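[1] Pasting a predicted model and its sequence here:
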Amino acid sequence: MLFMLIVKASKNSEAGNLPSADLMEAMTAFNEELIKAGVRVAAKGLHPSSNGIRISFPVPGEGPVVSEGPFLESNDLVAGFILIDVESREEAVKWALRMPDPQGHGEGQIELRQVFE
């Protein structure tokens, strides 16, 4: 079963601030555990939304609207993800609970979602 650990953005990540050396070390160790267990499929961080483009479809049947970042609602934005392939939802939750605070500073939030296969 595929699950995505979605790292939610924060004011810090949206400002383009990189994680501290300690947090980078902790995240590297966590990723190495995922690899060693054979469950990690992919993991990447994203640039802040100031480098992003949003394409929306506000009116049915009409063309898309293109908006350039930054986008204001940082708690709805994604700062990165880890894709894991596990045996159950319970295993996915256990891995998510082992992940260090991805933002540090008490700002981290992870959303765990199953991927359609």
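    Arrived safely.

[2] Residue 105 contacts residue 11, correct?
    No - with contact defined as Cβ atoms under 8 Å, residue 105 and residue 11 do not form a contacting pair (9.1 Å). To be clear about C-beta, it is placed using only N, CA and C from the backbone, and glycine gets the same treatment.

[3] what residues does the helix or strand of the chain with the lowest mean pLDDT touch?
    Counting by mean pLDDT, DSSP states H and E, the weakest-scoring helix or strand in the chain turns out to be helix 11-14, with a mean of 87. Outside of helix 11-14, the residues within contact range by Cβ atoms under 8 Å, 6 or more residues apart in numbering are 48, 49, 50, 70, 74, 77, 79, 103, 104, 105, 107.

[4] just checking, which of these belong to helices?
    Secondary-structure check on these using DSSP state H: no residue lies within helices.

[5] residues making contact with stretch 58-65?
    55, 56, 57.

[6] Find me the pLDDT at the residue nearest to the second one when sequence neighbours are not counted, would you?
    By that I understand residue 56. In space, residue 56 comes closest to residue 65 once its chain neighbours are excluded; the distance is 5.1 Å by Cβ to Cβ, 6 or more residues apart in numbering. pLDDT, the model's per-residue confidence, is 96 for residue 65.

[7] do the same with residue 10
    89.

[8] Stretch 20-35: which residues count as buried?
    In terms of neighbour count (16 or more other Cβ atoms under 10 Å), stretch 20-35 has its buried residues at 23, 26, 27, 30, 34.

[9] Among those residues, which are located in helices?
    Members of these lying in helices (criterion: DSSP H): 23, 26, 27, 30, 34.

[10] Turn the residues you listed into a markdown table, columns for pLDDT.
    Below are these laid out as a markdown table (pLDDT from 0 to 100):
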| residue | pLDDT |
| --- | --- |
| 23 | 92 |
| 26 | 95 |
| 27 | 94 |
| 30 | 97 |
| 34 | 98 |
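
[11] Dump those to CSV, plus distance to residue 4.
    What follows is these, written out as CSV (distance: Cβ to Cβ, whole Å):
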residue, distance to residue 4
23, 20
26, 20
27, 16
30, 15
34, 13
